[in-house]
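Visitor: okay, sequence plus prediction incoming.
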Amino acid sequence: MGLSSPPIDKRASENVLSELQALVPFYASEWKPAENDAGRALAVILSHMLETVISRLNGVPEKHFVAFLDRLGTKLLPAQPATVPLTFSLAEGTTEHVLVPARTQVAAGDVVFETEKDMVATPARLIAAYSVDAAKDHIYESPKNVVSGEATAPFQTKLLHNAHAGDTQIFIGSTEGLGSEDIVLIGKTEYGIVSEVSDSAATLLHRLAYDHNAHSHVEKITSFELFEGKDLQEHTLYMGHNDLFNVKPARGKSSLVTIAIHLTRIADKRLELAWSYWGEEGETGEGTWREIDEVSDGTEGFTRAFGEVHLMLAGEVKEAEVRSVKMRWIRCQVTGPLPFSGLASLPELASIAITSDNVTLGPDMAFHNDVPLDLEHLSAEKPVYPFGTAPRQSDAFYVGSQEAFSKKNATITVSFTAVEYKALAQAMVNPDQSDASAPLLSWEYWDGKGWKVLSLRSGHAFTFLETGTITFACPGDIHATHVAGQ
């Protein structure tokens with residue numbers, strides 16, 4: 001608002017009347033003004049008339065200013081009706097949008113306002129706020145109380161024990177006032193997001209990047225300082241497949257997964273990549289991303305258009321939920337800052353092909369009818385008898401492998417090594433006649449409804465009486481099932 005011109009004459013009617021009364025003894029000494037005197041009435045009338053003249057005189061500067069602007073071609077705005085901002089709140093529990101038509105009347109005391117045009121009141125509400133630092137490639141989320149509008153009390157405490165880089169849990173003096181999704185500042189530099197609180201422990205969504213000594217300061221962040229906080233930016237490629245990633249290597253061994261990558265645009269410089277799979281923590285059994293130590297990257301950090309990445313997985317890939325999709329996952333994550341700027345320098349993916357290459361696996365479990373066979377100590381000195389020591393008609397040998405038999409349409413070869421036990425071989429042919437023909441075997445798989453004949457590519461003549469193999473294509477309709485409760 002602009003400054004108004006100072007008044008030329010500040011007198012009001014009361015001031016003018018007082019001045020007239022002060023001049024009476026000098027100009028009309030014979031007049032003695034009284035309250036109901038006609039002369040006083042004339043003086044009051046004159047004072048009000050002079051007040052009107054003074055008011056118009058005080059308006060002269062503004063009038064001249066308006067005339068000056070008019071001379072310059074600037075016109076005064078026409079008179080407009082009063083306006084006021086309105087907020088329409090929907091009733092609790094409303095799930096649909098509501099139309100507020102034009103000319104809807106709203107009263108503010110005795111003044112009635114009307115809306116100018118149609119508007120839609122929505123039940124949508126602000127649930128999150130973010131700040132983005134494009135130069136640093138960082139994304140920050142505001143504390144939840146900032147968008148909810150809820151009052152929150154300050155929270156400060158200290159670490160009870162040392163916290164190390166890689167930890168996801170910190171122990172603090174008090175957790176009262178700390179809850180899930182709260183953002184905390186640990187020490188002076190590291191931020192964390194709380195996922196769970198129990199007793200004196202707070203579990204974080206991300207692993208700590210630095211070491212922190214006991215008694216380090218821990219504070220809950222309740223205000224949103226732009227471009228400060230926990231950086232949520234990540235550049236991660238998630239790959240999921242329930243069958244191809246259904247790997248469970250034997251103890252002390254690894255399973256090979258090969259990922260063929262085709263890029264239509266390569267990265268300007270080699271990216272720092274970390275490959276990991278969702279598995280279990282060795283001691284606790286909790287689900288976590290386990291880094292793959294043995295990696296052969298044929299793309300050289302996405303700087304080659306074609307290449308194969310060979311991953312040696314040391315543990316079983318478990319199911320996890322990523323972006324609301326539950327399956328077995330392997331991920332590739334950029335661990336360092338992007339060494340370039342601009343979308344034109346980012347690698348562009350054309351295709352991915354995933355294969356579980358030829359590996360030798362031991363079976364997970366095996367049964368003779370419903371009797372489990374000891375595979376852990378399997379050797380020439382401690383063999384197992386697939387049909388027992390006294391085979392009979394309709395005896396069954398079950399062998400299971402979660403990893404091998406989940407690779408649908410893959411070629412699978414099962415190898416058997418026989419030891420010399422002539423009497424057993426004769427008994428298997430026929431307990432009563434040692435010169436009978438070889439036993440008739442039926443290879444079958446579970447298709448989700450029943451046992452179905454397995455079509456062999458080779459090994460039709462194999463009868464367990466000698467070392468041999470069978471080869472088949474893993475059926476597309478094979479399903480897992482329970483055998484002897486396992």
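Guide: That came through, no problem. Residues are numbered from 1 along each chain as shown.
Visitor: going forward, measure contacts and count neighbours with C-alpha atoms only.
Guide: Noted.
Visitor: which parts of this structure belong to which domain?
Guide: 13-71, 130-220, 236-355, 365-473 (automatic domain parsing).
Visitor: could I get those domains as TSV with distance to residue 102?
Guide: Formatted as TSV, the domains of the chain follow (distance: least, Cα to Cα, whole Å):
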stretch	distance to residue 102
domain 13-71	36
domain 130-220	30
domain 236-355	42
domain 365-473	62
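Visitor: wait, which of these is closest to residue 78?
Guide: For residue 78, the closest of the domains of the chain is domain 13-71, at 13.9 Å, according to Cα to Cα.
Visitor: between the two ends of stretch 52-65, what distance do you get?
Guide: The first and final residues of stretch 52-65 sit 21 Å from each other (Cα to Cα, to the nearest Å).
Visitor: could I get the buried residue list for that stretch?
Guide: For stretch 52-65, the neighbour count (16 or more other Cα atoms under 10 Å) marks 54-55, 58, 61 as buried.
Visitor: how about stretch 292-310?
Guide: 292, 298-310.
Visitor: repeat that for stretch 402-416.
Guide: Buried, per 16+ other Cα under 10 Å, within stretch 402-416: 402-408, 410, 412-413.
Visitor: quick one: secondary structure of residue 349?
Guide: strand (DSSP: H, G, I helix; E, B strand; the rest coil).
Visitor: is it true that it touches residue 237?
Guide: No - contact criterion Cα atoms under 8 Å: residue 349 and residue 237 do not qualify, at 10.4 Å.
Visitor: these two: who's more crowded?
Guide: residue 349 (14 against 11; other Cα atoms under 10 Å).
Visitor: any idea how far residue 308 is from the nearest residue to that one once chain neighbours are set aside?
Guide: Excluding the flanking residues, the one nearest residue 349 by Cα to Cα, 6 or more residues apart in numbering is residue 263, at 4.5 Å. To residue 308, residue 263 is 12 Å away according to Cα to Cα.
Visitor: who does residue 311 bridge with?
Guide: Assessed by DSSP bridges, residue 311 has beta-bridge partners residue 257, residue 295.
Visitor: which residues sit in contact with it?
Guide: 255-258, 292, 294-296 (Cα atoms under 8 Å, 6 or more residues apart in numbering).
Visitor: and what of residue 460?
Guide: Contacts of residue 460 (Cα under 8 Å, 6+ apart): residue 470.
Visitor: grab the most central residue of this protein for me.
Guide: Ranked by distance to the mean C-alpha position of the chain (Cα atoms, centre = their mean), the top residue is residue 323 at 7.4 Å.
Visitor: show me the contacts for that one.
Guide: No contacts exist for residue 323 under Cα under 8 Å, 6+ apart.
Visitor: phi, psi for it please.
Guide: phi 50, psi 40 (degrees, to the nearest 10).
Visitor: distance of it relative to residue 140?
Guide: The value you get for residue 323 to residue 140, if Cα to Cα is used, is 19 Å.
Visitor: mind putting the buried residues of stretch 52-65 into JSON lines with pLDDT, distance to residue 195 and secondary structure?
Guide: Converted to JSON lines, the buried residues of stretch 52-65 look like this (pLDDT from 0 to 100; distance: Cα to Cα, whole Å; DSSP: H, G, I helix; E, B strand; the rest coil):
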{"residue": "54", "pLDDT": "90", "distance to residue 195": "73", "secondary structure": "helix"}
{"residue": "55", "pLDDT": "90", "distance to residue 195": "70", "secondary structure": "helix"}
{"residue": "58", "pLDDT": "90", "distance to residue 195": "69", "secondary structure": "helix"}
{"residue": "61", "pLDDT": "89", "distance to residue 195": "68", "secondary structure": "helix"}
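Visitor: which of these lies closest to residue 106?
Guide: Distances from residue 106 to the buried residues of stretch 52-65, taken by Cα to Cα, are shortest for residue 55, at 37.5 Å.
Visitor: re the thing from before, out of the contacts of residue 311, who's nearest residue 476?
Guide: residue 257 (20.0 Å).
Visitor: and the closest one, how far is that from residue 311?
Guide: In terms of Cα to Cα, residue 257 sits 5 Å off from residue 311.
Visitor: anything in contact with each of those two?
Guide: Contacts common to residue 257 and residue 311, judged by Cα under 8 Å, 6+ apart, are absent.
Visitor: the residue nearest to residue 349: what secondary structure?
Guide: Residue 263 ends up strand, using three-state DSSP.
Visitor: re earlier: confidence-wise, which of the contacts of residue 311 comes last?
Guide: Sorting the contacts of residue 311 by pLDDT puts residue 255 at the bottom of the list (84).
Visitor: need the contact list for that one.
Guide: 247-249, 311-314, 359.
Visitor: returning to what we had before: hmm, which two among the contacts of residue 311 are most spread apart?
Guide: 255 and 296 (13.7 Å).
Visitor: in stretch 109-122, what counts as buried?
Guide: 113, 115.
Visitor: and stretch 464-484, by the same measure?
Guide: Quick answer for stretch 464-484 (16+ other Cα under 10 Å): 464-465, 469-475, 478, 483.
Visitor: gap between the two ends of that stretch?
Guide: Terminal-residue distance, stretch 464-484 (Cα to Cα): 23 Å.
Visitor: now do stretch 161-179
Guide: Stretch 161-179 end-to-end distance (Cα to Cα) = 20 Å.
Visitor: then stretch 300-319?
Guide: First residue to last in stretch 300-319 (Cα to Cα) measures 29 Å.
Visitor: and that stretch, what's its mean pLDDT?
Guide: 90.
Visitor: do the same with stretch 204-212
Guide: 90.
Visitor: same check on stretch 220-236?
Guide: 90.
Visitor: and that stretch, how far out from the chain middle?
Guide: Offset of stretch 220-236 from its chain centre (Cα atoms, centre = their mean, to the nearest Å): 13 Å.
Visitor: just the buried residues of that stretch, please?
Guide: 220-222, 224, 227-231.
Visitor: state the distance from residue 457 to residue 469.
Guide: Counting by Cα to Cα, the gap from residue 457 to residue 469 is 11 Å.
Visitor: in what helix or strand does residue 290 lie?
Guide: Element membership for residue 290, per DSSP states H and E: strand 287-291.
Visitor: which helices and strands sit right next to that strand?
Guide: strand 273-280 (3 or more Cα pairs under 8 Å, 6 or more residues apart in numbering; DSSP states H and E).
Visitor: which pLDDT value belongs to residue 424?
Guide: Residue 424 is given a pLDDT of 50.
Visitor: what's near enough to touch the residue lying closest to residue 243 once chain neighbours are set aside?
Guide: Nearest residue to residue 243 in three dimensions, chain neighbours excluded: residue 406, at 5.1 Å (Cα to Cα, 6+ apart). By Cα under 8 Å, 6+ apart, the residues touching residue 406 are 243-244, 246, 474, 478.
Visitor: distance of residue 406 from residue 125?
Guide: On the measure of Cα to Cα, residue 406 and residue 125 end up 45 Å apart.
Visitor: hmm, back to that, and of the buried residues of stretch 220-236, the nearest to residue 114?
Guide: Checking the buried residues of stretch 220-236 one by one against residue 114 (Cα to Cα), the nearest turns out to be residue 224, at 37.1 Å.
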